[in-house]
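Q: turn this into a structure:
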Amino acid sequence: MTALLLFDAIDTVAVMADAILAWIVAAAVVATVVLYAAVLTGAWAWRAIRRAVTGAWRAEQPAPEAESIPTPERRTGPSWALDDKEAA
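A: Numbers count the residues shown, from 1 in each chain. Coordinates of the predicted model:
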């Protein structure tokens, strides 16, 4: 009779341990999904805020003026009249 009671107690402990382990795994899965969703939502919000701030900042900045690129002087003439640097 005591052996039967001992086996029944061990079986109950094993079933309870399995149930607790299942709850821990389920809670970990739910926590992972919630954390992943929070990170994605935060990244999406951060991107939207950054784009809005950057757009507002660019609207306030004056347009850059186009700089004219100076063209080098082309000297023409016979090769004997040009400097050594110009002849090359």
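
Q: for the top helix by length along the chain, give the mean pLDDT please.
A: If you go by DSSP state H, the chain has its longest helix at helix 2-60. In this model, helix 2-60 carries a mean pLDDT of 92.

Q: give me the distance from it to the chain's centre.
A: Distance, stretch centre to chain centre, for helix 2-60: 21 Å (CA atoms, centre = their mean, to the nearest Å).

Q: go ahead and flag the most central residue of this protein.
A: For the chain, the residue nearest the mean C-alpha position is A43 (7.5 Å; CA atoms, centre = their mean).

Q: Y36 versus that residue, what's the distance?
A: Using CB to CB, to the nearest Å, A43 is found at 11 Å from Y36. Yep, even glycine has a C-beta here, placed from its N, CA and C like the rest.

Q: now swap in L6 and tell me
A: Taking CB to CB, one finds L6 at 45 Å from Y36.

Q: also G42?
A: Plainly put, G42 is 11 Å away from Y36 if you go by CB to CB.

Q: and V25, by the same measure?
A: Where Y36 is concerned, V25 sits at a distance of 17 Å (CB to CB).

Q: repeat for A17
A: From A17 over to Y36 (counting by CB to CB), the distance is 29 Å.

Q: what's around T54, how many residues?
A: If you count neighbours by other CB atoms under 10 Å, T54 ends up with 10.

Q: do A38 as well
A: Look at A38: counted by other CB under 10 Å, it has 10 neighbours.

Q: tell me who's in contact with it.
A: By CB atoms under 8 Å, 6 or more residues apart in numbering, no residues touch A38.
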